[in-house]
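Student: make a model of this:
(2 chains)
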Amino acid sequence: MSAEFELTRNITIGQYLPTASVVHRLDPRFKLGAFVILILAIAICDTYVGNLFALAICIWMFQISKIPLHYGISGIKPAIPFIIILAIMQLLFYGEVVNGGTVYLKYGFITITSESVRLVIVSAMRFVEVIFLSSVLTLSTSTTELTHGMERLLGPLEKVKFPVHAFALIITIAVRFVPTFAMEMEKMMKAQASRGADFGTGEWWRIIQRTKDMFPIIIPLFNVALSRAEDLILAMEARCYTPGAARTRYTQYKAVGKDYVALIASIVISAVMLAIPW
Amino acid sequence: MEKGLTVRKIVIAGVLGAIAILLGVTRLGYIPVPTAAGNATIMHIPAVIGGIMEGWGVGMIIGLIFGVSSFLNATVPLFKDPLVAILPRLFIGVTAYLTYVGLKNVNQYLAIGAAGFIGAMTNTILVLGMAVIRGYMTLGVATTVAITSGLPEAIVSVIVTLAVVAAWKKLGSVGRQKSKISGDL
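Tutor: This next block holds a predicted model:
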């Protein structure tokens, strides 16, 4: 029961683990670019071996960034029941939707084909891979570095009057506040549970009950979030923050050899992943 | 995207975006329903609230964050398509804002509730419409999903939006905004 409330333990987004590895020291612009390429490749790749290869690469990423693998695994844990339910539903109902493949079983409206089995397995693997990759990225990059990287990658959009700096700041605030709100949510769930609320324990098919159980968490969460937003607005204005003003940086990034190597490596890995035919 | 984002707009968009991400990663934002879509979502609610509170630009940015996070978390091919996962979500906050502005002189509560409803329906209709256009679903399946998961979504959205926005605006009394610089004084 109590494990259900340990949200902060399971959320790896927005947390930073300084291990001073080579991944930590990469130029954030190049690092972000490399991860975006890898994630896109995983999103497209739909072969068994390609995904196994991607999974191996993800685990290897934990190794070289000196981050314990359990950080990545704990990000997957809360989603396991969801993955299983979804996998079963996909297996039963997607046979008709996915074209091709040999039919293994056809009974009434249930069709299981080799392609729908592939879909189920590949989507579960993809899920794990994307969580692993995003965990490595956020655990090895501080929010400041992440913002800087994003701002530079979106830089060309400035030409079409897109507020790149403001947008990067919004993303930073969003990522920064995820663990904070997770903690708030955990507190609220524990507070409600100690008063005898039994949310989250209802069977998944009791949809109305489960939805009702959510209200005492979701609504206060919004209120807490908005009052934190007010504090932050006040703090930023007190320091005379002006959106869109030209500003300089304390830290200047300069790409060196290993940054280019990382970017090229990610392109090569993605190409190999997509080229594997099975 | 409007020019001149104020500090208030930036921060509110960021904070509500954080809730959208949190609901996605903890899976609390998903209500499992036995349909082809897999689940009903309440992750569009931050975009609706952002749209009502700070205008269509903020609503659109939160919609973008929701869309990207749903694209990255997706386990079904339907939401692995950015045209389905991201594009329709941009409009949730926009329609919610327009509904709110259109009705707010009639009755504040009605306007907020209607914005919650329209925002949720925008999500359902545009996502399913896009799914039909892109050939992931037939029109019949999409209609069933719209009724079985779209309607509950819309009802939940109305309740949460009303509770949060009405409490925040403290209808009938002075607002809770601390900062008077970027607030509408």
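
Student: how about the one helix or strand residue A:183 maps to: buried residues?
Tutor: In this structure, residue A:183 sits in helix A:164-194 according to DSSP states H and E. By neighbour count with 16 or more other Cβ atoms under 10 Å in any protein chain shown, helix A:164-194 contains the buried residues A:164-182, A:184-186, A:188-189, A:192-193. For glycine as for every other residue, the C-beta is placed from the backbone atoms N, C-alpha and C.

Student: so where do the strands sit in chain B?
Tutor: For chain B, the strands defined by DSSP state E cover B:30-32, B:39-41.

Student: where among the ones you listed is the average confidence lowest?
Tutor: Note on the strands of chain B: strand B:30-32 shows the lowest mean pLDDT, a mean of 68.

Student: where does chain B have its least confident helix or strand?
Tutor: strand B:30-32 (a mean of 68; mean pLDDT, DSSP states H and E).

Student: could you list every residue that touches the residue positioned nearest the centre of chain B?
Tutor: In chain B, the centroid-proximal residue (Cα atoms, centre = their mean) is residue B:44; its distance is 3.0 Å. By Cβ atoms under 8 Å, 6 or more residues apart in numbering or on different chains, the residues touching residue B:44 are B:63, B:66, B:89, B:92, B:119, B:120, B:123, B:153, B:157.

Student: farthest-separated two in these?
Tutor: Pairwise distances across those (Cβ to Cβ) peak at 14.9 Å, for the pair B:63 and B:153.

Student: ok so, going back, helices or strands up against the helix holding residue A:183?
Tutor: helix A:7-10, helix A:143-154, helix A:207-238, helix B:7-25, helix B:56-73 (3 or more Cβ pairs under 8 Å, 6 or more residues apart in numbering or on different chains; DSSP states H and E).

Student: so residue B:13 versus residue B:166, what's the distance?
Tutor: 21 Å (Cβ to Cβ, to the nearest Å).

Student: next one: residue A:133
Tutor: To residue B:166, residue A:133 is 41 Å away according to Cβ to Cβ.

Student: between those two, which one's more packed in?
Tutor: residue A:133 (21 against 15; other Cβ atoms under 10 Å in any protein chain shown).

Student: is the more buried one in contact with residue A:58, as I believe?
Tutor: Yes: Residue A:133 sits in contact with residue A:58 when judged by Cβ atoms under 8 Å, with a separation of 5.7 Å.

Student: thinking again about what came up before, how far is the helix holding residue A:183 from where the chain is centred?
Tutor: Mean C-alpha position of helix A:164-194 versus that of the full chain (Cα atoms, centre = their mean, to the nearest Å) differs by 14 Å.

Student: so what's the residue in chain B that chain A sits nearest to up against?
Tutor: The nearest approach of chain B to chain A comes at residue B:14, 2.7 Å away (Cβ to the nearest Cβ). Applying Cβ under 8 Å, 6+ apart to residue B:14 gives the contacts A:169, A:170, A:171, A:172, A:173, A:174, A:176, A:177, A:229.
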